[in-house]
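here's a sequence, model it:
(one chain, ligands or ions: 2)
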Amino acid sequence: MNAESEKRKVVLTCAQPTGRLHLGNYLGAVKNWVEMADKHECYFGVVDMHAITIPYVPAELRKNVYDCVAQYMACGLDPDKCNLFLQSSIIGHAELAWILGCACPIGQLERMTQYKDKAAKHKDALNSGLLYYPVLMAADILIYNADIVPVGEDQKQHIELTRDLAQKFNSRYSETFVLPEPYIPKSGARIMSLQSPDSKMSKSDPNKNGTLYITDEPDVLRKKIMSAVTDSGGEVRYDETSKKGISNLMNIMSALSGKPLQAIEDEFAGKGYGDFKRAVADTAVEALAPVREKYIEISSDKRLLEEALKRGGQAAQKRAFKTMSKVRRKVGFMDFD
Ligand code: AMP
Ligand code: TRP
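Residues are numbered from 1 along each chain as shown. Ligands and ions are numbered 1, 2, ... in the order given. Model (predicted):
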């Protein structure tokens with residue numbers, strides 16, 4: 001490793017407080033954040049302001065925020081090693097979004113893929129927040145001057161917009177923002193539905209058995225894995241084209257146990273799908289049972305969860321204020337104290 005890659009970076013990512021985390025979220029996102037928290041200065045936000053761009057119930061939003069933080073902490077995000085914060089509790093995100101938005105052509109927002117998808121889905125309740133969503137996301141990132149932003153492939157377009165807005169601001173008002181780099185995990189982290197391995201594991205999978213939740217009971221995990229769709233032929237071999245189901249289970253096993261795919265193939269040479277599935281189920285239960293136990297232990301402890309958000313929020317606010325005082329001065333706003 002060279003000196004540059006060892007340098008401590010500022011890492012920021014955020015997620016909406018939407019329900020239960022599944023194995024795809026865990027392996028494709030949260031597990032990486034936990035590892036990053038050991039090496040970098042990390043800010044992890046729960047974006048409740050983004051969550052109100054679609055119809056919602058306030059009491060449920062609050063409940064989902066607690067639940068989301070409990071799940072992250074159960075996955076190993078340690079509030080002593082990273083800054084967990086609640087977006088709406090930090091002063092500056094909304095203000096910076098306004099300022100950035102004043103330099104963002106409407107057409108650029110109308111072209112965002114996620115906006116077009118959501119606008120089609122919420123035709124009867126289309127609000128301007130939905131259009132403005134990516135500008136608020138840009139503010140979430142730029143207010144911390146983040147170097148690295150871990151996101152899924154679907155958020156790449158929003159990061160490009162963020163870089164664009166940062167560049168515009170820098171050239172109009174002088175160097176202010178770091179241009180953030182997206183960090184998109186390799187394709188190995190793409191976990192597919194157990195029931196239809198052509199599509200990604202997702203909470204909106206119509207077949208409930210296709211999705212493994214990190215807080216599923218061990219019996220439920222086992223049942224879902226044992227009933228996973230497999231392929232014709234009885235060989236445990238990695239082949240993403242003709243053996244999608246088995247390859248997905250191999251990916252899951254490999255990601256959870258650290259065993260290379262080749263070692264899994266060797267271990268199950270001459271054995272059937274039944275033996276292999278039982279072993280995948282054992283691996284999943286072994287990896288996720290402690291997560292579930294921790295979740296049960298902390299999810300009802302509101303004080304603990306609030307303490308974590310408060311502590312992370314203080315660090316986040318300090319950094320946000322620093323950026324905003326520069327930004328306000330540069331754009332010509334005044335402070336009277
Ligand atoms: P979402 O649940 O779509 O909001 O995604 C939250 C995070 O989890 C993003 O970083 C995604 O890339 C990641 N993620 C979601 N589904 C999967 C999946 N099936 N495999 C790998 N990563 C996923
Ligand atoms: N839009 C992101 C998503 O749906 C969530 C998000 C909001 C985010 N603000 C962010 C992600 C800032 C990374 C950085 O997944």
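
what about the closest residue to His158 other than its chain neighbours, how many residues close to it?
Closest residue to His158 apart from its sequence neighbours, by CB to CB, 6 or more residues apart in numbering: Pro134 at 4.7 Å. Quick note: C-beta positions are derived from backbone N, CA and C, even for glycine. For Pro134, the neighbour count with other CB atoms under 10 Å is 27.

identify the residues contacting Pro134.
For Pro134, the contacting residues are Leu109, Met112, Gln114, Tyr115, Gln157, His158, Leu161, Thr162, by CB atoms under 8 Å, 6 or more residues apart in numbering.

and the fourth one, that one's in a helix?
Yes. The assignment for Tyr115, made by DSSP: H, G, I helix; E, B strand; the rest coil, places it in a helix.

dump the residue contacts of it.
With CB under 8 Å, 6+ apart, Tyr115 has these contacts: Leu109, Leu130, Leu131, Tyr133, Pro134.

does the fourth one touch Thr53 like I think?
Just to be clear, that refers to Tyr133. Yes. Using CB atoms under 8 Å, Tyr133 makes contact with Thr53 at a distance of 5.5 Å.

just the buried positions in stretch 186-195, please.
Ala189, Arg190, Ile191, Met192, Ser193, Leu194, Gln195 (16 or more other CB atoms under 10 Å).

strands of the stretch 1-150 of the chain, start to end?
Assigned by DSSP state E, counting those that start in this stretch, the stretch 1-150 of the chain shows strands spanning 10-15, 41-46, 83-86, 148-150.

which one of these lies nearest to ligand 2?
Nearest to ligand 2 among these is strand 10-15 (3.5 Å), distances taken as CB to the nearest ligand atom.

could you export the closest one as CSV, CA atoms only?
Only the C-alpha atoms of strand 10-15 are listed here, as CSV (Å, rounded to 0.1, in the frame of the first residue of the first chain):
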residue,chain,number,x,y,z
VAL,A,10,-13.3,11.7,5.3
VAL,A,11,-16.0,9.2,4.4
LEU,A,12,-19.7,10.1,4.3
THR,A,13,-22.7,8.1,3.5
CYS,A,14,-26.4,8.3,4.3
ALA,A,15,-29.4,6.1,4.1
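
residues in contact with it?
So strand 10-15 is contacted by 29, 33, 36, 40-47, 50, 68, 87, 137, 140-141, 144-151, 178, 180, 183 (CB under 8 Å, 6+ apart).

now render the strands of the stretch 1-150 of the chain as JSON lines, adding mean pLDDT, distance to Tyr295 and mean neighbour count.
Converted to JSON lines, these look like this (pLDDT from 0 to 100; distance: least, CB to CB, whole Å; neighbours: other CB atoms under 10 Å):
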{"stretch": "strand 10-15", "mean pLDDT": "97", "distance to Tyr295": "16", "mean neighbour count": "22"}
{"stretch": "strand 41-46", "mean pLDDT": "98", "distance to Tyr295": "16", "mean neighbour count": "24"}
{"stretch": "strand 83-86", "mean pLDDT": "98", "distance to Tyr295": "15", "mean neighbour count": "25"}
{"stretch": "strand 148-150", "mean pLDDT": "97", "distance to Tyr295": "22", "mean neighbour count": "21"}
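
turn those strands into a markdown table, columns for distance to Ser300.
Output for the strands of the stretch 1-150 of the chain, formatted as a markdown table (distance: least, CB to CB, whole Å):
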| stretch | distance to Ser300 |
| --- | --- |
| strand 10-15 | 21 |
| strand 41-46 | 18 |
| strand 83-86 | 18 |
| strand 148-150 | 29 |
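
shaky segments in this protein?
1-6, 187-189 (pLDDT under 70).

and it, which of its residues are near ligand 2?
12-16, 47, 50, 137, 140-141, 149, 151, 155 (CB under 6 Å from any ligand atom).

what is the neighbour count of Gly28?
23.

most neighbours among the contacts of Tyr115, please name it.
Counting neighbours by other CB under 10 Å, Pro134 leads those with 27 neighbours.

what about that one, distance to Ala37?
In this structure, Pro134 and Ala37 are 26 Å apart, going by CB to CB, to the nearest Å.

residues contacting the nearest residue to Gln108 once chain neighbours are set aside?
Sequence neighbours aside, Leu161 is the residue nearest to Gln108 in space, at 6.6 Å (criterion: CB to CB, 6+ apart). Neighbour list for Leu161: Cys104, Gln108, Met112, Pro134, Val135, Ala138 [criterion: CB under 8 Å, 6+ apart].
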